[in-house]
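Asks: Fold the following.
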Amino acid sequence: MSKPKPQRIHLLLIAILSFAFLFRPSEADIGTASKYNPPYSPTACFGGDRSQFPASNLFAAAGEKVWDNGAACGRQYLLKCINSAVAGACVQGQQIQVIVVDRALTSVSKPSRADTNLVLSNTAYAAVANPSASFINIDFIQV
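Replies: Numbering: from 1, shown residues only. Model (predicted):
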């Protein structure tokens, strides 16, 4: 039996590394988002404290898949709209960062669609999608 030549080993390592970089698992999640209207307070996370809401009004309520028994409070997510049942609803290339301030299941205002990952404030929703769409598919990642 002959030993593999160093050149073949190097080529094999390059091929393995190239494959690993091309097909590495994504760190982002794919899910859905809906919207909700004011009143946004009180919240399940911070009660009636008005300082919980960022000046940008880019915030969200966590759906049950994200809620994590309350651990979602204060988490921040980068998200973008990837598609919708409404043609052209996504604002292409727009990505926003939201902070979780509430639980969708118990929020004062009900979501436009139940059982979504994130329920966005009107301002956040309008930044990434046409408000005429009741829900959108999103790519999101915790930051």
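Asks: What is the neighbour count of residue 50?
Replies: For residue 50, the neighbour count with other CB atoms under 10 Å is 8. The C-beta positions use only the backbone N, C-alpha and C, and glycine is treated the same way.
Asks: Let me fix that, I meant to ask about residue 84.
Replies: 20.
Asks: how about it, what does it touch?
Replies: Residue 84 makes contacts with 90, 129-130, 133, 135-137, as judged by CB atoms under 8 Å, 6 or more residues apart in numbering.
Asks: what phi and what psi does the backbone show at residue 116?
Replies: phi -100, psi 160 (degrees, to the nearest 10).
Asks: what about it, how many neighbours?
Replies: Neighbour count of residue 116, defined by other CB under 10 Å: 27.
Asks: need the contact list for it.
Replies: By CB under 8 Å, 6+ apart, residue 116 lies in contact with 31-34, 63, 104, 135.
Asks: Could you list which of those belong to strands?
Replies: Counting by DSSP state E, those place 31-34, 135 in strands.
Asks: worst-scoring helix or strand of the chain, pLDDT-wise?
Replies: Ranking every helix and strand in the chain by mean pLDDT, DSSP states H and E puts helix 6-22 at the bottom, with a mean of 56.
Asks: Could you pull out the helices in this structure for me?
Replies: 6-22, 64-67, 122-128 (DSSP state H).
Asks: circling back: now list the buried members of the contacts of residue 116.
Replies: Neighbour counting with 16 or more other CB atoms under 10 Å marks 31-34, 63, 104, 135 as buried within the contacts of residue 116.
Asks: which one of those is nearest residue 76?
Replies: residue 33 (14.7 Å; CB to CB).
Asks: and which of the contacts of residue 116 is nearest to residue 43?
Replies: Minimum distance to residue 43 across the contacts of residue 116 is 10.8 Å, recorded for residue 104 (CB to CB).
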